[in-house]
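Student: what shape does this take:
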Amino acid sequence: MISSVLQSGVQGVKQNLQGMEKAATEIAKVGQPVEESGELRTVDDAVESIVDLKLYENGVKASAKVIKTADETLGTLLDIKA
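Tutor: Numbering: from 1, shown residues only. Predicted coordinates for the structure are as follows:
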């Protein structure tokens, strides 16, 4: 059971890091032309990506806490068993 919790935490970190990368890429595109319309991306276009970036950051932190808790629980179980 601990290993599945640990795996969930690791998967959460991976997914949130991918989301952060996508949001950061969108932020970096501000001022560049939009492929479909040719209009320039504005700062307003980046606002949603900035919010997403923060949400993904919080997701990474939450997943890291899951990993830390699973690690501590496993350590406690090993100490009890020894």
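Student: all contacts plus neighbour counts: C-alpha atoms, from now on.
Tutor: Noted.
Student: state whether Leu17 is indeed within a helix.
Tutor: Yes: looking at Leu17 with DSSP: H, G, I helix; E, B strand; the rest coil, it is inside a helix.
Student: so which strand or helix has Glu21?
Tutor: Element membership of Glu21, judged by DSSP states H and E, is helix 2-28.
Student: tell me the pLDDT of the most centrally placed residue in the chain.
Tutor: The centroid of the chain falls nearest to Asn16 when counting by CA atoms, centre = their mean (2.0 Å). With respect to pLDDT, Asn16 has a value of 98.
Student: could you say what helices and strands the helix holding Glu21 packs with?
Tutor: helix 43-81 (3 or more CA pairs under 8 Å, 6 or more residues apart in numbering; DSSP states H and E).
Student: how big is the angle separating the helix it packs on from helix 2-28?
Tutor: The directions of helix 43-81 and helix 2-28 differ by 160 degrees, with axes from the mean of the first three to the mean of the last three CA atoms, to 10 degrees as the criterion.
Student: backbone dihedrals for Thr42, please?
Tutor: With angles defined as degrees, to the nearest 10, Thr42 sits at phi -110, psi 170.
Student: that one reaches Pro33, doesn't it?
Tutor: No: with contact defined as CA atoms under 8 Å, Thr42 does not reach Pro33; the gap is 9.5 Å.
Student: quick one: residues contacting the residue nearest to the centre of the chain.
Tutor: With contacts taken as CA atoms under 8 Å, 6 or more residues apart in numbering, Asn16 has the following neighbours: Tyr56, Glu57, Gly59, Val60.
Student: what does Lys65 give?
Tutor: Taking CA under 8 Å, 6+ apart as the criterion, Lys65 is in contact with Gly9.
Student: now with 10 Å?
Tutor: For Lys65, the contacting residues are Gly9, Gly59, Asp71, taking CA atoms under 10 Å, 6 or more residues apart in numbering as the criterion.
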